[in-house]
Structures are given as structure tokens and as C-alpha cells.
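Novice: Here is a sequence with its predicted model. Questions after.
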Amino acid sequence: PPAHSRSDWIGPPDKHSNLRPVIFYAPPEESALERRLREARQEAQASNQRFWARHNRAFRQEKEEFIYSRLKAKGLEMRDESGQKATLNAEEMADFYKDFLSKNFKKHLQYNRDWYKHNFRITFLMGQVALVRALRWLRRRKKNVEQ
Amino acid sequence: GLFVWRLRNTGIRQTPYRFAHLYHIANDRLITFQYFNFLKRMYVTQYNKDLSQRAKPKSDSIVSPFYELQQLDREKKVVHKISPISPVHQSWSETSSRNELREMKSAAETEDSVIPVGAESKEDRQWKEMKLRLDDLPGVLARLSKIKLTALVVSTASAGFAMAPVPFEFTCFLLASLGTGLASCAANSINQFFEVPFDSNMNRTKNRPLVRGQISPLLAVCFAACCGVPGIALLTLGVNPLTGALGAFNIFLYTCCYTPLKRMSIANTWVGAVVGAIPPIMGWTAATGSLDAGALLLGGILYSWQFPHFNALSWGLREDYSRGGYCMMSVTHPELCRRVALRHCLALIGLSTVAPVLDITTWTFPIISLPINLYISYLGFRFYRDADRSSSRKLFFCSLWHLPMLLLVMFTCKKSVLEKEDKGDLPGRSCERAMEIRLP
């Protein structure tokens, strides 16, 4: 993002977590409330990034392992004669998906709780900041009108 | 819940930098027809689960479900804004997207082209300023509220209204439709608000406004409140309190029960089916002011329809669900998934037969609807037995035309109100009563 910009910038989805990173702008006249908001958003972003990057990596890895073990059990190689990567069809993969989901169930429950907490907190802070800014703007307008 | 196969069409790109808004609309129509053509060839990857069902307006037929949510996110406007900073940038993205258009078009024409999961345009890979632009706002809000889905919810509610055995009142109908539409917008916005990181990780939903930072969560919540509160108020005061209560309850059920439940238990499907069944009930109560057996029957038909529709759809999305942490029957209890779909296809036959018993339709209805109900049950049975992608797709596509056709047949077989008047058992008119109270 350009150096003179006064707003946040959002980037393309991350390769591992599929989440879009945000670069937050901290204005020099940032109030304590605004700083709390920015920090809350940064923290949520970092936590989300950590979770999904790890989770997606684990998924890919376990999927590979599963495919490999199944192919081996069938007596096939990872790549067939034409050099194409051998894959299992959807029905065979279904066992893996079921397994993966149940293995990660508790992890997801915990993550959900955290995510909802972050989300509500951030939105509430945003509301507070917006309210403060609106009041400030109104006060300034009243002053201008009086002058 | 409602699932719509959305065709992932990364191919069609336009370069409407200057006429962005007008182009959006033109684009949509162009793309929907092209989608229809590519239907058979492209790998259908996206779906959209939502509040209601698929009472598609007849003209749209197969086309509308596939439309939604494309990569219609032409960030041309953004590129336009970036241009003052770096003109080189803009020309690069212009040419790149034109090249992409060419190569994508050829790619799209090849048979059975499997769309890579993360296909994005170069525009998507740019950094964008998180500033709300007023001219973007209508498009963003439309996507936030899942406007097309809302339109379908409203049409099911209208179906409920139309089937009610009372003389048709246009103002009441309008108020009920508007109120239902607003309530649906609110519910959909809150749903998206809750699901940002999960949506980012699933292919069909990764282009939603909150995921892309086009709107802040605060604004999304405010929008939801600005739709929900007037919507429910309109229903309660302008139609009748029962409809308002149903609307509020449905919003609650969708946002606070279904959405969190999706990640906790497979029971979410049943809750989602109820969510889908309520709009026609709302339409009926808007017309008659009371919860009759007819309303429940109509709700029941929609409830049962949800299962073949959703279960068939979710069959092809097991990988995304598994990775995203969604608890769906297709992943955890595949046999149950198919069994339930079949069960409810058969239930539809039963429910259609009950309709004339309750005096909603004449006896021609079960007779005429029998062929389509049998057909969907047959596909349901095939899905149950074969459990493969092709049978799930057949069942899903059938459900898309089955519902509008069933509702249409039901409406044409509706028992005439005049007959009822003769019999002297016309139910009270709810809207009029409400109006009488307000007008001096």
C-alpha cells in the first residue's frame, strides 16, 4: 500500500490460510480507543492466520498420507504410467473426510468460541469508535456554526 | 437449507472499467446464459446454502441458481482509483485481464475443464484500499444480503399468500412480501457476519463482501438492523402480529441456531429445513391471520423438499465441508444423508395427497403432481442406492425445477374461494383488521 494512504489496505488471500491480510493504518492522532480497536483486529487476524494456516497444512498433509496409504493397499503407485498423479475417487476419499472432521471437532469448537468472541469485541469497539467520531464531528459542526 | 449449485465460471471476464455499474447488470445476464451453456461441461463447484428454497420464478428456470456470486467482483472501480497513483498499474491490469479473458474463454470451451480450486484473476491478487465507496455500496449490500436468495424467499412467501383461501388483497401482499424480504436480508447479513473466516476457506463463498473487506463488520451489522427492524415492524404492524412473530423467529432461528449449529452437529440440516419452511407459512398467515392446517401443509412441503435438495448438493462438497469444519450429514453419516433424502422425496407424495383433504386444492392436484413427485422419488432412490456424484447431481438438478413446478400446479389446482364462500366458512381477513385498527 502507498505510504501516504490514510486507510487500511486488504490484500489477496494468503496461500496457507486463505484469509486476506489487512495492513492497518495508525493515524498519528489515534485515540486510546482507536488503538485498542486496531490492536484487537491485529490480534484476531494473527490468531486466525495461525489457526487456518496450520489447519490447512495438516489437511493437505493428512490427505496425501491417506491417498498414499490407500494406493499402496491397492498395489498402485503414486504416479501411473503417464506420469499423472494417481487420485482416489470421491467415495474413497469420503472416509478420509469423515475421519478428519471428527478428529478436528474439538479444535473447531474451541476456534468457534474464540472467533465469535473476537468478532463481537471488534464490532463493538468499531461501534464505540464510530460513535465517538460522530459526536466529535457534531461538536465541531456546532462550533463552526456558532463562529 | 437451500443449496444452489453455482457454476464456477472463472472464464468470463469483461473490462467495463468505466461503465462498471451498468456493466454489472449486463454482465450478469450475459453470464447467466453462458453459464447455462457451460452447464454440462463445467465442474460445478459452488453452492449457496441459505434461508429459503428454490421457488424460482418460472422464467429463470435453471439459469438463476447458477448465477450468483461470480467473480463479478470486478474490481475495476478499484483499479480506477489506483490509477492516479500508478497509471502503469492500471494499464497492466487492463491488458492482463484482457489476456485472461482470451485464455479463459478458450479454457472454458474445452470439455470437462476442471476449474482449479483457487483460480483468481490478477485483479484479485492486488492490494486494495479498505475504504467504502458509495457507488459500490448497492452492489456490496446486494451481495451481503444475498439478494437473489432473498428474492426466492419472497417468492415462496408469495406462494404461501396465494394459496391461502381468502380473496387476494394486493396491499397486504405487497407489505408481506416487502417485510419478508427485509427480514431475509437482515438474516443473511448476520449470517455472513458470523462466518467470515469459514467463508474465506470455502470456494463458493470466498468472494463475499466481508471476506474481501469491501464493507466493515460494523456496517454489516447496522445494515442488518436497518433491514430487520423495519421489516419485522412492517410485518407486525402492517400485516399482522403473527406474521411479524414468525419473521422474527425465523431470523433468530437462522442466525442464532442454524449458523452456529452448522459447526457443531448435523442437526443443523433439520433446523435449516424449518427455516426454509417458514416463509410460505408467513405468506399464508399474512393473508388469513391464523395458522391453519393449510399453512402447516405448505410449510411441510417446503420442509420436505429441502432434504433431497440439500443432501444431494452437499454430496459433492464433502471436501470443503470437512476442511472447513462443518458438520454435515454427507460427511459424517453418508448413509443417513441418502436415506433422509429418499424419505422426504416420498413424503412429498404423501403431503401432496393430503392437500385436497385439507380443502386447499382439488383432487386433481395429487394426480397431476404424481408424475413429478414419482420422478424425484425415483432419483432419490437412485441416489440412495448408487451414492455417487452423478446420481446426486441428477437429484439436485431435479429438485431445482421440481419445486416451482409443484407450487405452480398447486396454485392452478387451488380450491376456488367462491366455493368456500358458498359453504360459509371463509376465514377472517387479517390485513383488513390490522388496517381498521390503524385508520380512524
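Specialist: Right, received. Where do you want to start? Residues are numbered from 1 along each chain as shown, chains lettered A, B, ... in the order given.

Novice: Find the helix or strand that residue A:129 is a member of.
Specialist: helix A:105-146 (DSSP states H and E).

Novice: mean confidence score for that helix?
Specialist: Helix A:105-146 shows a mean pLDDT of 93 in the predicted model.

Novice: can I get the CA coordinates of stretch A:122-137 in PDB?
Specialist: As requested, C-alpha coordinates have been extracted for stretch A:122-137 and formatted as PDB (Å, rounded to 0.1, in the frame of the first residue of the first chain):
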ATOM      1  CA  ILE A 122     -14.100  -5.900  17.400                       C
ATOM      2  CA  THR A 123     -17.500  -4.900  16.100                       C
ATOM      3  CA  PHE A 124     -18.400  -3.400  19.500                       C
ATOM      4  CA  LEU A 125     -15.200  -1.400  19.500                       C
ATOM      5  CA  MET A 126     -15.900  -0.300  16.000                       C
ATOM      6  CA  GLY A 127     -19.300   0.900  17.200                       C
ATOM      7  CA  GLN A 128     -17.700   2.800  20.000                       C
ATOM      8  CA  VAL A 129     -15.200   4.500  17.800                       C
ATOM      9  CA  ALA A 130     -17.800   5.400  15.200                       C
ATOM     10  CA  LEU A 131     -20.000   6.900  18.000                       C
ATOM     11  CA  VAL A 132     -17.100   9.000  19.400                       C
ATOM     12  CA  ARG A 133     -16.200  10.200  15.900                       C
ATOM     13  CA  ALA A 134     -19.700  11.100  15.100                       C
ATOM     14  CA  LEU A 135     -20.000  13.100  18.400                       C
ATOM     15  CA  ARG A 136     -16.800  14.900  17.700                       C
ATOM     16  CA  TRP A 137     -17.900  15.800  14.200                       C
END
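
Novice: Run the contact check for that stretch versus chain B.
Specialist: Yes. Contact between stretch A:122-137 and chain B, assessed by CB under 8 Å from any CB of the partner chain, occurs at A:122-123, A:126-127, A:130. Every residue, glycine included, has its C-beta placed from N, CA and C.

Novice: is it true that residue B:255 touches residue B:194?
Specialist: Yes. Using CB atoms under 8 Å as the test, residue B:255 is close enough to residue B:194 to be in contact (7.2 Å).

Novice: Residue B:402: how many residues sit nearby?
Specialist: Residue B:402 has 23 neighbours, counted by other CB atoms under 10 Å in any protein chain shown.

Novice: Ok, residue B:387 next?
Specialist: Other residues lying near residue B:387 total 17 when counted by other CB under 10 Å.

Novice: quick one: the helices in chain A?
Specialist: For chain A, the helices defined by DSSP state H cover A:32-74, A:90-103, A:105-146.

Novice: Tell me the buried residues in the second one?
Specialist: If I follow you right, that is helix A:90-103. Residues of helix A:90-103 classed as buried under the neighbour-count rule (16 or more other CB atoms under 10 Å in any protein chain shown) are A:90, A:93-94, A:96-98, A:100-101.

Novice: how distant is that helix from the center of its chain?
Specialist: Taking CA atoms, centre = their mean, to the nearest Å, the mean C-alpha location of helix A:90-103 is offset from the chain mean by 24 Å.

Novice: what's it in contact with?
Specialist: By CB atoms under 8 Å, 6 or more residues apart in numbering or on different chains, the list of residues contacting helix A:90-103 from outside reads A:59, A:62-63, A:66, A:70, B:316, B:318-319, B:321-323, B:325, B:327, B:331-332, B:334, B:387-389.

Novice: try 10 Å this time
Specialist: Helix A:90-103 has contacts (CB atoms under 10 Å, 6 or more residues apart in numbering or on different chains) with A:58-59, A:62-63, A:65-67, A:69-71, A:74, A:87-88, A:108, B:315-316, B:318-328, B:330-334, B:387-389, B:392.

Novice: filter the residues you listed to the buried ones?
Specialist: Buried members of the contacts of helix A:90-103, scored by 16+ other CB under 10 Å, are A:59, A:63, A:66-67, A:70-71, A:88, A:108, B:315-316, B:318-328, B:330-332, B:334, B:387, B:392.

Novice: Sort out for me which of these are in helices.
Specialist: When helices are assigned by DSSP H, the members of the buried ones among the contacts of helix A:90-103 inside them are A:59, A:63, A:66-67, A:70-71, A:108, B:315, B:318-324, B:330-332, B:334, B:392.

Novice: Domains in chain B, by residue range?
Specialist: B:136-290, B:292-416 (the TED database).

Novice: want to throw the ones you listed into a markdown table with mean pLDDT?
Specialist: As requested, those are arranged in a markdown table below (pLDDT from 0 to 100):
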| stretch | mean pLDDT |
| --- | --- |
| domain B:136-290 | 93 |
| domain B:292-416 | 91 |
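
Novice: Export the ones you listed as CSV, with columns for distance to chain A.
Specialist: Output for these, formatted as CSV (distance: least, CB to the nearest CB, whole Å):
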stretch, distance to chain A
domain B:136-290, 4
domain B:292-416, 4
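
Novice: Out of those domains, which is closest to residue A:7?
Specialist: domain B:136-290 (10.7 Å; CB to CB).

Novice: picking up where we left off before, how about a markdown table for the buried residues of helix A:90-103, with distance to residue B:220 and pLDDT added?
Specialist: Conversion of the buried residues of helix A:90-103 to a markdown table gives the following (distance: CB to CB, whole Å; pLDDT from 0 to 100):
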| residue | distance to residue B:220 | pLDDT |
| --- | --- | --- |
| A:90 | 35 | 73 |
| A:93 | 35 | 84 |
| A:94 | 35 | 85 |
| A:96 | 35 | 89 |
| A:97 | 31 | 91 |
| A:98 | 34 | 90 |
| A:100 | 31 | 91 |
| A:101 | 28 | 91 |
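
Novice: wait, which of those is closest to residue A:54?
Specialist: Within the buried residues of helix A:90-103, the smallest distance to residue A:54 is 13.8 Å, found for residue A:100 (CB to CB).

Novice: Tell me how far residue B:214 lies from residue B:187.
Specialist: The spacing between residue B:214 and residue B:187, counted by CB to CB, to the nearest Å, is 20 Å.
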